[in-house]
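Chemist: Build me a model from this:
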Amino acid sequence: MPPAAMPVSRAASRRPDVVDALLTDALRGARPERLVVFGAGGGIRDLVEAAEAGRTVVADRSIVHTRAASEALAGLDRVEVITSDGSSHLDTTLRADAVAIRAPREKQVARQLIHDAFQALRPGGRLYLAGALRDGMKPYLEYASGRFGGIQPLAMRKGCRVALGVRPEAGASLPGDDPLLDHRYFHRFNVELRGHAIEVQSRPGVFAWDRLDDGTRALVGTIEVEPGDRVLDLGCGNGLIGVVAARLAPGVSVTMVDADVVAVEAARRTAAANGIEGCEVRLDDGASALPDAAFDVVAVNPPFHLDRATDTRTAERLIEDAHRVLRPGGRLFLVANRFLPYDRPIVAAFGHCHTASEDRSYRVFRAEKGRHA
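Modeler: You can find the predicted model right below:
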């Protein structure tokens, strides 16, 4: 998959934080000829300017973060921003003098980045690993230490740490006993929904990458699709919702959109594994690039976290997107935890909102776009 173009993002992105500051201080004046940064934090410009690298590549799997980073880094020379899961979309011949990692919360994703850093570094190249202790930083440091032959703590501040590792000389290699460290490997699992057997393919970091989550089950059990409908799976994740929708009636066409480059590939693979032909899967920040009044059904299982904090802005924007891209008479189906008041933004956009189904944990909201909208 080619890197995406980088217009300014509409979505909420990261703000500069302690992890950004620790990485920036650790790299200040380092002057590597080639620097790779995994994880585009809110302080990315300060970090790049402090490092004074000859060439810098910033990689993040979220197009929301890479678009924000591209805007922040505008005007700097020899800086490239790529939507990539670690090194998945990087030049394989690149040998970096330094790699900086902003450690994510997901354990397997963090391991992937450490593994990719080892592979990308030249012998003697330096790994700068920073993250919050509450996000699992201690086991990440242990994992990195085992791969790099030791790791040196550099600084600790407000529950966050940064440490330094040096890649061993030529001949050293990482153990290859974990297939998930290969970006080409996708985990597979099978589910049965609405009378259809579905194979799902996914990877760590994609929501519910190794299981069917209850919210998706509730949404899929409620969604209504008619013959010939055009369906949009907005924030598609591994593509399960879109695939089920395509099976519910003849002549259904499906478009899937997600901001995560790994989710997009997972959705493509899930669609192909289930024989869904003509399915379009797009890497984008919501439905911003889709035409008005193009769909009969929009299905959404929106995120409600930005890092650890509850943040409903993304869901509210997706609701507005859904109203714009639906045809008059088109239907929105949105699933959410019961405590989230998404009926309010749905009413604001559509003028009404109904609870189509609910249980102790989830509600599925339904709204129809006015015939004369």
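
Chemist: How about the contacts made by the closest residue to Leu326 other than its chain neighbours?
Modeler: Once flanking residues are discounted, Leu326 sits nearest to Lys369: 4.4 Å by Cβ to Cβ, 6 or more residues apart in numbering. Every C-beta, even on glycine, is put in place using the N, C-alpha and C of the backbone. For Lys369, the contacting residues are His323, Leu326, Arg327, Pro328, Gly329, Gly330, Arg331, Leu332, Phe350, by Cβ atoms under 8 Å, 6 or more residues apart in numbering.

Chemist: give the contact list for the third one.
Modeler: Translated: Arg327. Taking Cβ under 8 Å, 6+ apart, one finds Ala293, Ala294, Phe295, Asp296, Lys369 in contact with Arg327.

Chemist: What is the most widely separated pair among those?
Modeler: Ala294 and Lys369 (11.9 Å; Cβ to Cβ).

Chemist: Is Leu164 bridged to anything, and to what?
Modeler: In this entry, Leu164 is beta-bridged to Tyr128, Gln152, by DSSP bridges.

Chemist: Enumerate every residue touching it.
Modeler: Neighbours of Leu164 in contact, by Cβ under 8 Å, 6+ apart: Ala26, Arg126, Leu127, Tyr128, Leu129, Ile151, Gln152, Leu154.

Chemist: and the second one, that's in a strand?
Modeler: Translated: Arg126. Yes. Assessed by DSSP: H, G, I helix; E, B strand; the rest coil, Arg126 belongs to a strand.

Chemist: and it, how many neighbours?
Modeler: Arg126 has 22 neighbours, counted by other Cβ atoms under 10 Å.

Chemist: for the nearest residue to it once chain neighbours are set aside, what are its contacts?
Modeler: Nearest non-adjacent residue to Arg126, counting by Cβ to Cβ, 6+ apart: Ala98, 4.7 Å away. Counting by Cβ under 8 Å, 6+ apart, Ala98 touches 27, 30, 32, 34-36, 51, 53, 121, 125-128.

Chemist: Over to Ala51?
Modeler: Leu27, Arg28, Gly29, Ala30, Arg31, Pro32, Leu35, Ala98, Ala100.

Chemist: Distance-wise, check it relative to Leu212.
Modeler: 43 Å (Cβ to Cβ, to the nearest Å).

Chemist: and what of Asp91?
Modeler: 37 Å.

Chemist: go on, Val261?
Modeler: Look at Val261 and Leu212: by Cβ to Cβ, they are 23 Å apart.

Chemist: Of the two, which one has the most company?
Modeler: The residue with more neighbours, out of Val261 and Leu212, is Val261; 25 against 18, by other Cβ under 10 Å.

Chemist: next one: phi and psi at Thr222?
Modeler: Here is the backbone geometry of Thr222 (degrees, to the nearest 10): phi -110, psi -30.

Chemist: wait, is Ala255 part of a strand?
Modeler: Actually, residue 255 is Thr rather than Ala. Yes. Per three-state DSSP, Thr255 lies within a strand segment.

Chemist: okay but it is in contact with Ala289, surely?
Modeler: No. Thr255 lies out of contact with Ala289 (Cβ atoms under 8 Å); the separation is 10.9 Å.

Chemist: Now the common contact residues for the two.
Modeler: What both Thr255 and Ala289 touch, as defined by Cβ under 8 Å, 6+ apart, is the set Arg282.

Chemist: Give me the more crowded residue out of these two.
Modeler: Thr255 (22 against 12).

Chemist: burial count for the closest residue to that one other than its chain neighbours?
Modeler: Spatially, and ignoring its direct neighbours in sequence, Thr255 is nearest to Glu280 (4.6 Å; Cβ to Cβ, 6+ apart). Glu280 has 14 neighbouring residues, counting by other Cβ under 10 Å.

Chemist: I'd like to know how many residues surround Glu277.
Modeler: 8.

Chemist: you'd agree it is in a helix?
Modeler: No. Read with three-state DSSP, Glu277 is coil and lies in no helix.
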